[in-house]
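K.L.:
Generate coordinates for the sequence data below:
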Amino acid sequence: MRMAVAGVLTLWLAGCSGQSPRMKTAPAANAVDVRLAELKDEDASVRRRAIQALANMGLAARPASDALIETLRHDPDAGTRRAAALALARIGAGEEEMVPFLVDMLVDPEDEICGVAAVALARIGPDAKAAVPSLVKLLKAANPLKRKLAAEALGEMGPAAKAAVPALLAALKDEPLVRRAASEALEQIDADALKRAKTK
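P.N.:
Next up is the predicted model:
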């Protein structure tokens, strides 16, 4: 399932360049500072262009993470906040240290931001087990894609997500899109629980 999850993340990031999230670039030392200054511009389009540039820098833009987090949390423009979420996913959402921030993103009202967070948590895998309670809550979201992504993220955590088994068993009664993801997740977390559910 990990390859499928990675593919979903690629689709979420399609608005950015084709560069890998892990690819390092070699911008001038002050390039990040220039973009950070632009993040304070009154024009939302300027802020979005600055975020795009930071995303294209890859890991070299990690010093901008705090500013991007602030943009995501407080920028009044939804498009700018969405761009910040995508940039953060490219810059460093695959690191365990990002888990608390990604958990916050799961409750963002923007579906795309929530989706980016769920897919990024899936990529982290068992080291993101602190996100299990929040992903269990996401299994009850109104949007079926959110429920699917939550199940997939839990599955990628394997036995570390054992606490999610009851919620995933309940999701076996959901619509096909979610039901399949829940079944695959249970196979990775507790195959015996899945077998017992199928024999009832």
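
K.L.:
okay, CA-based contacts and neighbour counts for the rest of this
P.N.:
OK.

K.L.:
pull the helix or strand with minimum mean pLDDT from the chain.
P.N.:
helix 2-12 (a mean of 50; mean pLDDT, DSSP states H and E).

K.L.:
Now the most centrally placed residue in the chain: closest residue in space, sequence neighbours ignored.
P.N.:
In the chain, the residue lying closest to the centroid (C-alpha atoms, centre = their mean) is Ala117, at 1.9 Å. Spatial nearest neighbour of Ala117, excluding adjacent residues (C-alpha to C-alpha, 6 or more residues apart in numbering): Leu102 at 5.1 Å.

K.L.:
ok, which stretches of this structure are helices?
P.N.:
For the chain, applying DSSP state H gives helices covering 2-12, 31-38, 44-57, 65-74, 78-92, 99-105, 111-124, 132-138, 144-156, 165-171, 176-189, 191-199.

K.L.:
Next, the buried residues of the second one.
P.N.:
Applying a neighbour-count criterion of 16 or more other C-alpha atoms under 10 Å, the buried positions in helix 31-38 are 32, 35-36, 38.

K.L.:
What's the mean pLDDT across it?
P.N.:
Averaged across helix 31-38, the pLDDT comes to 94.

K.L.:
gap between it and the chain center?
P.N.:
In this view, helix 31-38 has its centroid 25 Å away from the chain centroid, taken as C-alpha atoms, centre = their mean, to the nearest Å.
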